[in-house]
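Enquirer: Provided below are the primary sequence and the corresponding predicted coordinates.
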Amino acid sequence: MITARDKILHVASKLGLTSLKDMQGSTGAVYDADTDFSGQIFSSATRHVFPGVTNVTENQFEVNEALLVETIGFYGRTGGGNNFNLQQVYGSNQVIVFDLIIGNKRVMKDTPVFLAGSPYVFANTANITSVDGESQFQSFAPRHQVFMEGAGILIPPQVQWYVEYRMFDLVTGAVTTLTENPVGCYLFGTKVLLNFNTSI
């Protein structure tokens, strides 16, 4: 069985990154949202408010940083900037089809993820307010019903990457035009960082 460490070290070796073996790994995630409605996520992360919309300052990692993507997830953002699951924002008749581009290569192409279904991932908590005696959800932490596990794709250091996506209505087959509620995406997996204990 090939472990996450084996995959990371193999790619590092092919890229000539000899210091990667001296790094330590932990779980990590990057996220961003398509606030421009361009159909791309992460490519314009430099223009977004940190950390409300994104947790990256650019769509490439530093010299001694990499991410082995194990889960790819999507979520919806309301006009007010709150995060909700996609089914709640767009309805259950939608499907997202996405490509993951690393450098100039499409490493995942036309991959569908459906808005209906389970399980729920991320936090399921909400701020609850009472309006006219009825409890209402004010906002959700990022959660979704749209995700893919077991991707096993390494994003190496100093290579630009982004996600292209399209949303379709499963009933009519029409492309869903987004003009109000942006789609967000996060990539979660094993992240490696320079281990200063062995490098200094």
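Expert: Now that the structure is in, tell me what you want to look at. From a predicted model like this one, the values you see are computed outputs, not experimental measurements.

Enquirer: tell me the contacts of residue 50?
Expert: residue 57 (CB atoms under 8 Å, 6 or more residues apart in numbering). C-beta here means a position set from N, CA and C on the backbone, and glycine is covered the same way.

Enquirer: Might you report the residue contacts of residue 60?
Expert: Residues counted as contacts of residue 60 (CB under 8 Å, 6+ apart) are 157, 158, 159, 160, 161.

Enquirer: Check what pLDDT it gets.
Expert: Looking at residue 60, its pLDDT reads 92.

Enquirer: distance of it from residue 159?
Expert: Per CB to CB, to the nearest Å, residue 60 is found 6 Å from residue 159.

Enquirer: can you count the residues close to residue 46?
Expert: 12 (other CB atoms under 10 Å).

Enquirer: about what we covered before: which one of the contacts of residue 60 sits closest to residue 44?
Expert: Top of the list for closeness to residue 44, among those and by CB to CB, is residue 160 at 11.9 Å.

Enquirer: doesn't residue 105 make contact with the closest one?
Expert: No. The criterion here is CB atoms under 8 Å, and residue 160 misses it with residue 105 at 11.2 Å.

Enquirer: Buried ones in stretch 56-68, by neighbour count?
Expert: 56, 59, 60, 61, 64, 65, 66, 67, 68 (16 or more other CB atoms under 10 Å).
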